[in-house]
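> next input, structure requested:
(one chain, ligands or ions: 2)
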Amino acid sequence: MASSITEGTSKLQLDPETGEIISKNELKKRMQKRAKKAAKAENTAAPSKAESAASKTMPANLNPDSMFSQGFLADVYKLRPSQHVRTRFPPEPNGYLHLGHTKAIAVNFGFARYHRGETILRMDDTNPDAEESRFSEAIEEIIAWRGFTPHRVTYASDNFDRLYSLAEVLIEKGRAYVCHCNETEIKIQRGGEEGKLPRFRCSHADQDLATNLTKFRDMRDGKYEPQSAFLRMKQDITSGNPQMWDIAAYRIPKSRRPHIRTGTKWHIYPTYDFAHCLCDSIEEITHSLCSTEFITARESYEWLTKTLGVYEPMQREFGRLNVAGTVMSKRALKQLVNEKHVRGWDDPRLFTLAAIRRRGVPPGAILSFVNELGVTTATTRIQIKRFDQSIRRYLETTVPRLMLVLDPLRVVIQNLDSSNPEEQELTLPFSPTQPEFGSYTIRLTSAVHIDRSDFREVADEDFFRLSPGETVGLLQVPHPIKAISHTKDPRSGRVTEIQAVLVRDGKKPKAFIHWAPEGSRRVTARIYKPLFKSDNPMAAEGGFLADINPDSEAVYPEALVNAAGFEDVRRRAPWPPADGASSSPAGPEGVRFQAMRVGYFAMDSDSTDDDAVVLNQIVSLKEDTRKESAN
Ligand SMILES: Nc1ncnc2c1ncn2[C@@H]1O[C@H](COP(=O)(O)OP(=O)(O)OP(=O)(O)O)[C@@H](O)[C@H]1O
Ligand SMILES: NC(=O)CC[C@H](N)C(=O)O
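Numbers count the residues shown, from 1 in each chain. Ligands and ions are numbered 1, 2, ... in the order given. Reported below is the predicted structural model:
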């Protein structure tokens with residue numbers, strides 16, 4: 001009995017346009033009808049539709065190695081075919097990592113793994129004004145969640161003593177000087193406002209070595225006011241590359257804020273341009289892979305290691321990953337959090353990695369998304385829906401299925417045969433295609449709950465679900481039900497209950513709907529839409545806050561899910577079982593499932609130990625084409 005139900009329902013298909021679960025034949029008919037209609041409307045397809053169609057046909061799990069075995073990253077390796085590859089991922093601990101960073105993580109960790117090398121996670125902590133320990137802790141933790149294990153975790157500040165000595169060496173080589181010019185003076189030296197006037201060096205560049213050394217030591221010893229002196233590298237002021245115009249190596253920060261690791265030990269801090277390449281050199285990085293905004297910095301990177309005669313790593317740049325329809329800048333995120341437009345840095349509507357994790361996206365899905373995009377030197381700007389589509393594809397075969405009724409409406413089945421256990425005890429598979437996921441039991445009770453949207457008070461020939469006098473299948477139940485009457489709340493006019501019967505000898509219904517038996521577990525379900533209305537919130541009229549979509553979160557506090565099935569899914573979490581998250585303890589978000597006809601869900605961290613379960617929708621089951629412009 002159970003197996004015949006399983007077989008029967010595995011032939012049912014989701015109508016991607018209406019969200020209904022219908023028979024294969026019915027779907028075929030509908031598809032033919034739509035194809036005819038589409039053929040008539042030829043040449044009218046918008047580019048965004050073409051993009052989404054292309055992404056739908058993309059294979060779910062590309063060979064993860066192809067990113068390294070061919071194309072840009074293979075060429076990078078050929079430029080320096082090292083025996084022992086060592087890369088680094090160098091975030092500044094001044095905020096939370098976001099979706100864009102996943103590309104840099106995948107590139108650096110993946111490149112080293114592919115070449116049997118190793119990756120250092122280096123906190124680029126050269127600016128005490130902006131950095132906090134909580135960010136470096138969060139970065140370490142989220143990298144572990146992504147499934148990557150750094151060879152070592154280092155800090156640029158580990159090398160502060162060494163960097164200081166190298167700065168003195170640079171002075172001794174006559175390739176650095178202490179300068180006291182202000183911003184306006186420097187601008188003039190660099191060709192004026194428009195950069196068209198002749199460039200020249202200031203008189204400080206002519207100071208002798210001893211003066212420079214003394215002044216630099218005075219800077220170190222706190223004898224200069226903030227911004228009254230800085231160490232400049234003596235590069236090539238005639239170069240066409242502004243990164244070679246005697247850029248800063250050491251500075252005295254404006255605020256005297258203690259450093260997260262070295263406290264008040266230092267009055268001076270190395271700049272990115274001085275510290276980054278030298279930390280790469282000290283750590284013997286072979287391939288320093290970063291995003292393309294650092295291309296112009298490559299010349300000074302190479303100049304510095306060469307001039308100092310230290311080990312020379314190779315820097316190469318890949319295109320950034322930008323996401324349309326959201327904000328990722330730290331300043332904007334901070335404002336959204338501080339002004340409580342969202343629940344926090346990990347609000348599932350944001351694109352920080354913490355938010356993506358909380359939403360329930362598995363780390364494996366992120367990797368497969370980056371693989372799909374590939375790596376070149378071109379910037380990739382993706383729509384949120386492309387990311388969602390990739391996650392959907394990943395989850396389709398990796399998580400179990402349950403039925404979740406968001407907005408329950410009670411249906412009394414008048415003629416249930418309680419003496420016939422076969423009619424009541426149903427065994428449901430967790431997946432129609434993955435028998436190893438197993439099954440769970442559900443009881444067809446004399447009253448069940450369906451979703452309010454699956455009932456219409458007036459029958460309509462285009463509505464295949466429940467309406468008076470019409471039949472509909474309950475997913476996995478052998479016989480369909482027919483609505484015979486319903487009651488309403490006289491004040492609100494809302495339908496309160498439906499009376500129905502099982503139709504034991506009728507035709508196969510055209511559509512099937514999900515349901516929950518009496519005694520189901522009540523949960524709160526949160527459904528998300530994009531947080532912003534436009535594609536480019538930062539450019540929106542009135543600023544990004546004015547662009548917030550007021551309907552970005554819908555909460556269903558009375559949702560119902562079958563208790564036994566849910567408990568089993570929860571007990572066996574994380575789903576997918578081997579998703580790369582093994583180095584980090586499984587959080588509530590590992591409890592993932594497909595709610596049939598509704599979407600993919602994961603348990604939220606707001607769920608409490610006393611069993612109040614909150615669910616987040618990870619992604620809908622299909623792209624929401626009604627809100628094309630908002631995603
Ligand atoms: N959108 C992105 N796409 C690809 N790589 C990125 C992106 N943003 C940052 N990276 C890379 O991640 C690494 C660490 O970056 P870090 O956090 O210091 O950058 P950032 O530019 O300050 O980031 P943010 O976007 O948060 O301001 C760098 O190598 C950088 O090239
Ligand atoms: N070269 C790089 O990877 C740059 C890293 C550096 N933390 C930054 O400012 O983005």
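> can we go C-alpha only for contacts and neighbour counts from here?
Noted.
> Leu395 belongs to a helix?
Yes - under DSSP: H, G, I helix; E, B strand; the rest coil, Leu395 falls within a helix.
> residues contacting it?
Leu395 is in contact with Ala365, Gln594, Tyr600, counting by Cα atoms under 8 Å, 6 or more residues apart in numbering.
> repeat the analysis, applying 6 Å as the threshold.
The neighbourhood of Leu395, defined by Cα atoms under 6 Å, 6 or more residues apart in numbering, contains no residues.
> tally up the residues packed near the closest residue to Thr352 other than its chain neighbours, please.
Distance criterion Cα to Cα, 6 or more residues apart in numbering; nearest residue to Thr352, sequence neighbours excluded, is His98 at 3.8 Å. By the criterion of other Cα atoms under 10 Å, His98 has 19 neighbours.
> how near is His98 to His341?
Distance, His98 to His341, by Cα to Cα, to the nearest Å: 18 Å.
> what do you get for Ala511?
For Ala511, the distance to His341 (Cα to Cα) stands at 40 Å.
> got it, and Lys33?
On the measure of Cα to Cα, Lys33 and His341 end up 44 Å apart.
> which one of the two has more residues nearby?
His341 (15 against 11).
> which pLDDT value goes with that one?
His341 carries a pLDDT score of 97 in this model.
> doesn't it belong to a helix?
No - looking at His341 with three-state DSSP, it is coil, so not inside a helix.
> what's near enough to touch it?
Contacts of His341 by Cα under 6 Å, 6+ apart: none found.
> separation between it and Ile548?
9 Å.
> enumerate the residues of the stretch 301-450 of the chain near ligand 1.
Neighbours of ligand 1 within the stretch 301-450 of the chain, by Cα under 6 Å from any ligand atom: Arg320, Leu321, Asn322, Ser329, Lys330.
> let's see 8 Å
Glu317, Phe318, Gly319, Arg320, Leu321, Asn322, Met328, Ser329, Lys330 (Cα under 8 Å from any ligand atom).
> and the helices in the stretch 301-450 of the chain?
330-338, 353-359, 363-373, 384-396, 421-424 (DSSP state H, counting those that start in this stretch).
> low pLDDT regions in the chain?
Low-confidence segments of the chain, defined by pLDDT under 70: 1-22, 24, 27-28, 31-32, 34-62, 578-585, 610, 624-631.
> go with 80
Along the chain, the model assigns pLDDT under 80 to residues 1-62, 422, 506, 577-586, 609-611, 624-631.
> near ligand 1, which residues of it?
89-105, 124, 289-294, 317-322, 328-330.
> please redo it, this time with the cut-off set to 6 Å
Contact residues (Cα under 6 Å from any ligand atom) of the chain with ligand 1: 90-92, 100-101, 103-104, 290-291, 320-322, 329-330.
> how is the chain divided into domains?
Listed by automatic domain parsing, the domain ranges of the chain are 2-27+408-428+442-517, 66-318.
> against ligand 1, how distant is the nearest residue to Ala355 once chain neighbours are set aside?
With Cα to Cα, 6+ apart as the criterion, Ala355 has its nearest non-adjacent residue at 3.7 Å, and that residue is Asp346. From Asp346 over to ligand 1 the distance is 15 Å, taken as Cα to the nearest ligand atom, to the nearest Å.
> any idea how far Asp346 lies from Glu422?
For Asp346 relative to Glu422 (Cα to Cα), the value is 46 Å.
> more neighbours, these two?
The residue with more neighbours, out of Asp346 and Glu422, is Asp346; 19 against 15, by other Cα under 10 Å.
> ok, the more buried one touching Ala354?
Yes - with contact defined as Cα atoms under 6 Å, Asp346 counts as touching Ala354 (4.9 Å).
> next one: stretch 417-431 to chain centre, how far?
Distance, stretch centre to chain centre, for stretch 417-431: 40 Å (Cα atoms, centre = their mean, to the nearest Å).
> could you give me the buried positions within that stretch?
Residues Glu423, Gln424, Glu425, Leu426, Thr427, Leu428, Pro429, Phe430, Ser431 are the ones in stretch 417-431 that count as buried (16 or more other Cα atoms under 10 Å).
> and if you look at stretch 480-500?
Buried-residue list, stretch 480-500, by 16+ other Cα under 10 Å: Pro480, Ile481, Lys482, Ala483, His486, Val495, Glu497, Ile498, Gln499, Ala500.
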